[in-house]
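Colleague: how would this look folded up:
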Amino acid sequence: MDNDHEIITKSANETAKVGESLARGLKARIFCLYGDLGSGKTTFTQGFAKGLGIGSRLLSPTFIIVRRYDVPKSEKLLYHIDLYRIAHFDGLGLEEIFSDPNAIVIIEWAEKLGDALPKGRMDVHFLTLAHDKHKITIG
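Modeller: Numbering: from 1, shown residues only. So this is what the prediction gives:
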């Protein structure tokens, strides 16, 4: 990835603030998140939703796979997709979600999509460091 931007966060609150900031300066429609369990993906997504003006608390869609939220004061929808427990994507409607111009999409465990990764996406990588710090690479 060229022009990567790295951020070190020292708390969950700082990780959420990175997501919030990215949402406020929205430069993409689809965000693919990569990182181990506990690396900050869901916390980042909660901050991202806040940055879009979504007031309800986001819950991880680990067991239901896709959660949809209305973005206030717009026709946009936020889709929060968690592929952690998924091996096959048939019937999930991901292509329809990806092609919807009103959809803003965050995909946790995006690497599971392989060749089906959407074009025009922004990749966000999370790495857990020592002392509760996290490195977030956006590119």
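
Colleague: who touches the residue most central in space within the chain in this structure?
Modeller: When CA atoms, centre = their mean is applied to the chain, the residue found nearest the centroid is Ile106 (3.3 Å). The contact partners of Ile106, by CB atoms under 8 Å, 6 or more residues apart in numbering, come to Phe31, Leu33, Thr45, Phe48, Leu78, Tyr79, His80, Ile81. Quick note: C-beta positions are derived from backbone N, CA and C, even for glycine.

Colleague: which of those residues sits closest to Thr128?
Modeller: Thr128 lies nearest to Leu33 out of those, by CB to CB, at 13.7 Å.

Colleague: state the pLDDT value of the closest one.
Modeller: In this prediction, Leu33 carries a pLDDT score of 96.

Colleague: what separation is there between it and Gly25?
Modeller: 17 Å (CB to CB, to the nearest Å).

Colleague: swap in Phe31?
Modeller: Counting by CB to CB, the gap from Phe31 to Gly25 is 13 Å.

Colleague: who has more neighbours out of the two?
Modeller: Phe31 (24 against 7; other CB atoms under 10 Å).

Colleague: return the set of residues that bridge with that one.
Modeller: Ile106, Met122 (DSSP bridges).

Colleague: show me what contacts it?
Modeller: If you count contacts by CB under 8 Å, 6+ apart, Phe31 has them with Leu22, Phe48, Val105, Ile106, Ile107, Arg121, Met122, Asp123, Val124.

Colleague: want to throw these into a markdown table with pLDDT and distance to Thr137?
Modeller: Converted to a markdown table, the contacts of Phe31 look like this (pLDDT from 0 to 100; distance: CB to CB, whole Å):
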| residue | pLDDT | distance to Thr137 |
| --- | --- | --- |
| Leu22 | 94 | 12 |
| Phe48 | 96 | 16 |
| Val105 | 96 | 19 |
| Ile106 | 96 | 16 |
| Ile107 | 94 | 16 |
| Arg121 | 93 | 14 |
| Met122 | 94 | 11 |
| Asp123 | 96 | 8 |
| Val124 | 97 | 7 |
